[in-house]
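Peer 1: Just the structure for this:
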Amino acid sequence: MQLPASHKLRRSIILTVLGCLLTAPFLQAAEKLQVGDLPPQKLGFAKLSDYQGKIVIVSFWASWCAPCRKEMDVLASIQKHATRERVVIFSVNWKESSDRFAEIEHALHGIDLTLISDETGYLGRQYGVKAIPHMIIIGRDGRIAAIHIGYGESEIPTLVDEINSLWTKDPDL
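Peer 2: Numbering: from 1, shown residues only. Presented below is the predicted three-dimensional model:
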């Protein structure tokens, strides 16, 4: 049975409105992430609450982003020196194809970073990512300690100092 054009249009409008109503709370929550908030607890295969008592860094990046590429070396160095007993770094490859991600994994083989693919941007939406680099630093208490968006190479030493200072801060666990 063929629906008249007016019914098809009405059905399309209803489905569009319903879709907006169902997704709006998730989009609003992501846009409102602030220092002091609990971050979304699922990050790909990882559950962030499993890392309470450690500093967790979630960095969204892409291979075409020059500041992101420079940041990768710094994050790898932090991970190496701080050890996974103190700091866990999740490097989320944002909106690049699975083929490109496989190339990146191969190129970074041997570097101690947890790489996660976010080909569709789903994880980024949960964290409010609209531009990269985008870093969320989660303190030992499990709450967001800092959010950095669109920073350049010159700001990386400041980020490192900030991460180091979190370790000496009382986690209030």
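Peer 1: And residue 146, how far from residue 134?
Peer 2: Using C-beta to C-beta, to the nearest Å, we find residue 146 at a distance of 12 Å from residue 134. C-beta coordinates here come from the backbone N, C-alpha and C atoms, glycine included.
Peer 1: The two: which has the busier surroundings?
Peer 2: Neighbour totals were compared for residue 146 and residue 134, and residue 134 leads with 22 against 15 (other C-beta atoms under 10 Å).
Peer 1: Would you agree that one is in contact with residue 148?
Peer 2: Yes - in this structure, residue 134 is within contact of residue 148 by C-beta atoms under 8 Å, at 7.4 Å.
Peer 1: Quick one: the strands in the chain, in order.
Peer 2: With DSSP state E, the ranges of strands along the chain come out as 42-43, 46-47, 55-61, 87-94, 114-118, 134-138, 144-149.
Peer 1: how about the ones you listed in CSV, adding distance to residue 159?
Peer 2: Below are the strands of the chain laid out as CSV (distance: least, C-beta to C-beta, whole Å):
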stretch, distance to residue 159
strand 42-43, 19
strand 46-47, 21
strand 55-61, 9
strand 87-94, 12
strand 114-118, 18
strand 134-138, 7
strand 144-149, 6
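Peer 1: Now render the ones you listed as CSV, adding mean pLDDT.
Peer 2: Listed next are those as CSV, based on pLDDT from 0 to 100:
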stretch, mean pLDDT
strand 42-43, 93
strand 46-47, 94
strand 55-61, 95
strand 87-94, 95
strand 114-118, 95
strand 134-138, 94
strand 144-149, 92
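Peer 1: Which one, of these, ends up nearest to residue 125?
Peer 2: Among these, the nearest to residue 125 by C-beta to C-beta is strand 114-118 (9.1 Å).
Peer 1: next one: that closest one to chain centre, how far?
Peer 2: 9 Å (C-alpha atoms, centre = their mean, to the nearest Å).
Peer 1: mind giving me the domain split of this structure?
Peer 2: Under the assignment automatic domain parsing, the domains of the chain span 1-32, 33-168.
Peer 1: least reliable of those domains going by mean pLDDT?
Peer 2: Among the domains of the chain, domain 1-32 has the lowest mean pLDDT, at a mean of 44.
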